[in-house]
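Got a predicted structure plus its sequence, pasted below:
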Amino acid sequence: MPLRLKHLDLHGYKSFAGKTDFVFGAGVSAIVGPNGSGKSNVVDGIRWVLGEQSYSLLRGKKTEDMIFGGSDLRPRAGMAQVTLTFDNTDGWLPIDFSEVAISRRAYRDGENEYLLNGQRVRLRDLNDLMARVGLSERTYTIIGQGLIDAALSLKPEERRSLFEEAAGIGLYRNKREDALKKLDATQRNLDRVLDILTEIKPRLRSLERQAQRARDFGQVKADLDAVLKVWYGYHWHRAVEALDQARVAAEQSAIELFGLQSRQDEQDRAVGARRAEVAALRSQINAWRQATDDLRLVSESLGRDLAVADERLRSLADQREGLLAEIPPLEAQRAEQARRVEAAQAEVARLAAEADEARRQVETAQAALAGLETERAALRQREAEARATLARAEAEHLALDARRAQLGERRERLEAARAEQQAILAQLEQAEAEARRQVAEAAHELTTRQRVRAAAEAALHAQIDTLRAAEEARRIAAEKAATARAELERLRARQEVLEQARAELAGFTSGAKTLLARQFPARGVLGELLRVPPELEAAFTAALGAHLEALVLADRDQAVAALEALGDAHGRAALLPLRAIADAAPPRLAPPDDPDCLGLAAQLVAFDPDLQPLADLLLGEVVVVRDRAAALRLLPALPVRAAAVTLAGEVFHAAGPVSGGRESAAVLQQARERRDLSAEITTFEQHFALLERDQQAAAQAVEAARAAQAERQSELRAAQEVERRATIARDAAALEAETAAHEVQLRREQLNALAAEAAQVTAETAAAEARLAELAAARQAAATQAQAAAATLETFTVASATAQLARWQTALAVAARAVQDAQPRAAELEQAVRATEALIADLRKLWRATDEEGDPVTQGMAESLILAHEKTVWMLRSMLKA
């Protein structure tokens, strides 16, 4: 037995919170477990995914009961999904898949989804598919809890229904019920259609007239649209011209506005400059005002200071007299102090001279001793320096010899490199010239290719304009052809309606319908054999009356045959045997000579020549007048058998009878319309054929223009490609020339650097030669100095100089002590003299200051001098007391 059920996936369904996959292998699969472990939920899941809608069988009340409700450890799920996977390799399911997965999803809002191999399907589709293989929702393939006990307790009728459902005939019962419902609905629709046809049929003619009016309205609307397009186009061009004029005016106004704005900007700048000048003047005026205020304050302050100065001048004048009295005693005191200072200074000078002499002797001895020591150290240093100089000179001589050799080698290398660089530079200059020539050629080629590309672009633009014109012509031709096609279709539809009405014998009497339906060999209906002008149709319809639908026959025998053909059929028919009428045709009536008389009716209608006797019989004594008044006026002049008919269809017989009212002229109108439509359709077909040829020609022109445009585009692309290559070549040549120029410049710089380096090497070589000569002389001198210093050191001594230095140092100490004792007294006397002289000078300054006019600064100085005088006097008094 083949394996059918492969997998069962439960996710969020009842107690299965996580995704759980049950795999069913070959044989019998059993699910065991304790109570409450979810065994029944597995079976409920299979029943639920197969479309079960009764939640009581699934041990629930609503959709939300099918979704995992949550636990202490896991939150509740928002969706429940169950998927059944079947193996369909043997095609037991009528679906073109080797594996079929059926899924059902339920959400907490009550929505359910059904999926077949991942695609959403309807529940009905799923039920139909399952019912075909016996897996519908009630086939009892799945036996749930309590179902066996319930089946055993069923009544016989209920048990029979259970067996029928288990046998799988429910599908066919449902199909039968659906088919019966569809048949019932179809029958009701058919009855409704018949009712509608019965209701519409009496209104068919009215609907035809309305349809004709609608078509006429459509035609008028199309004509109106065409006229409106022309009108709109005319006004659009007018508006475009007005817009262009307005744009020109706007541009002119913009230019004028720009000029005015420029002038306004200049004026604004001038006004700004004037405002700045005014602001500067105002600032200067304010500064002047502030300066005036400051000067006023200064003036007031000076006035106050001047008053104070006057008062102080009076005080200073009094002080001046006192100062003049103090100056003579101070002069005498200064002379005495000067004498005492001179004596002290003489003593100090003597002692200082002795000390200086001793100091000079000490310094001389120290200098002699130091000189000897220095000379000895110098001799040693000179000897060491001479020897070091000799060693350095020898080392430098060796280094210079090596350097001279290196410089020689370097000069030779530089000369070789310079010659090589000059050769390379010549080659590079030649390459640069060649590159610049190639740049010029590439630029010329690029200019030529640019002109070719510009010409190709111009040709392409011209071809695009040609294509647009061709497309516009094709569009216009297509519109004309579409309009003509629509008109032709309208005419053909109208012709088809008329032909159908003629085929259905609409408007004819029942007798005529019977004969025409049986295809009786008649010449035709009289109304269809006459060609009446449209404006006379109402008059001829009234004049002919019932004869309008009469059948024209050859003779009386044919008329008798027609009567026999009618037999017991309902309805009557008017028959006109042409030969009998020709034998008894009355003469024509001469129409009255009146402007309101249009003529004899037999002369106003067109017909075949052999119908002349028939026209004379029926219309030979009928005159057509314009209106009722004309008929009444002309009626007395007519014969008794004659009649007058108006354009409105009113008939006045000379014998007295009058008939009137409106009567449909459908027979004449339809006959005329059929004749006119045939001619009009023929004309339109010819016109449409011409328009189609024009459209084809326009389409061919468009295709040719497109081909030409494609060719121009190809030429343009080729020209652009050539131009691009020329640009690349020009850029490459320019880059090569620039590279060559850069290389030439680099080589020239290298050559200059080599020349500079060669000159530097030459200079260094000359300097080395000169230095070698100097070193030879220095070596000789250093050797001589070293020998002389060594000989002098052998005879050098310092003992006598050391004893003489000790003697003069003792004398210097004695003299320095005496000078130290005399100097303080001399300093005190000198200080007293200077203080006295300063006091005298201050008093004289104060005296001169009091002579000057009242200057605040001078007065301040005077006060300072007075204070200094008082302080000096106090100091002198203190010194005298001491």
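Perfect, thanks for sending it. As the structure is a computational prediction, the values presented were derived from the model and not from experiment. Numbering: from 1, shown residues only.

Who are the packing partners of the helix or strand encompassing Ala710?
Element membership for Ala710, per DSSP states H and E: helix 666-793. The contact analysis (3 or more C-beta pairs under 8 Å, 6 or more residues apart in numbering; DSSP states H and E) places helix 666-793 against helix 204-503, helix 526-529, helix 537-544. (Each C-beta comes from the backbone N, C-alpha and C, glycine too.)

orientation of it relative to helix 204-503 in degrees?
Relative orientation of helix 666-793 and helix 204-503, computed by axes from the mean of the first three to the mean of the last three C-alpha atoms, to 10 degrees: 110 degrees.

ok now helix 666-793, how far from the chain's centre?
31 Å (C-alpha atoms, centre = their mean, to the nearest Å).

And for stretch 150-161?
Counting by C-alpha atoms, centre = their mean, stretch 150-161 is centred 76 Å from the centre of its parent chain.

Can I get it as CSV, trimmed to CA atoms?
Taking C-alpha atoms only, stretch 150-161 is exported to CSV below (Å, rounded to 0.1, in the frame of the first residue of the first chain):
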residue,chain,number,x,y,z
ALA,A,150,-23.1,8.3,19.0
ALA,A,151,-23.3,6.2,15.8
LEU,A,152,-24.6,3.1,17.7
SER,A,153,-27.4,5.2,19.3
LEU,A,154,-28.6,6.7,16.0
LYS,A,155,-32.0,6.0,14.5
PRO,A,156,-32.2,4.0,11.2
GLU,A,157,-32.7,7.1,9.1
GLU,A,158,-29.8,8.9,10.7
ARG,A,159,-27.6,5.8,10.5
ARG,A,160,-28.4,5.6,6.7
SER,A,161,-27.2,9.2,6.3
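
picking that back up, what is the rounded mean pLDDT of the helix holding Ala710?
Helix 666-793 shows a mean pLDDT of 78.

angle of it against helix 537-544?
Angle between the axes of helix 666-793 and helix 537-544 is 160 degrees (criterion: the same axes, to 10 degrees).

Leu446: how many residues sit nearby?
Applying other C-beta atoms under 10 Å, we find 21 residues neighbouring Leu446.

which ones are touching the residue lying closest to it once chain neighbours are set aside?
Using C-beta to C-beta, 6 or more residues apart in numbering and skipping residues adjacent in sequence, the residue nearest Leu446 is Ala726, 4.3 Å away. Ala726 sits next to 442, 445-446, 448-449 when contact means C-beta atoms under 8 Å, 6 or more residues apart in numbering.

Mind checking which of these are buried?
Neighbour-count burial (16 or more other C-beta atoms under 10 Å) applied to these gives 442, 445-446, 449.

Out of those, flag the one nearest to Tyr232.
Distances from Tyr232 to the buried ones among the contacts of Ala726, taken as C-beta to C-beta, are shortest for Arg449 (47.9 Å).

can you pull the contacts of that closest one?
By C-beta under 8 Å, 6+ apart, the contact list for Arg449 reads 719, 722-723, 726.

ok, of those, which one's closest to Ala778?
Nearest member of these to Ala778, counting by C-beta to C-beta, is Ala726, at 75.0 Å.

Check the gap between the closest one and Gly233 for me.
Distance, Ala726 to Gly233, using C-beta to C-beta, to the nearest Å: 48 Å.
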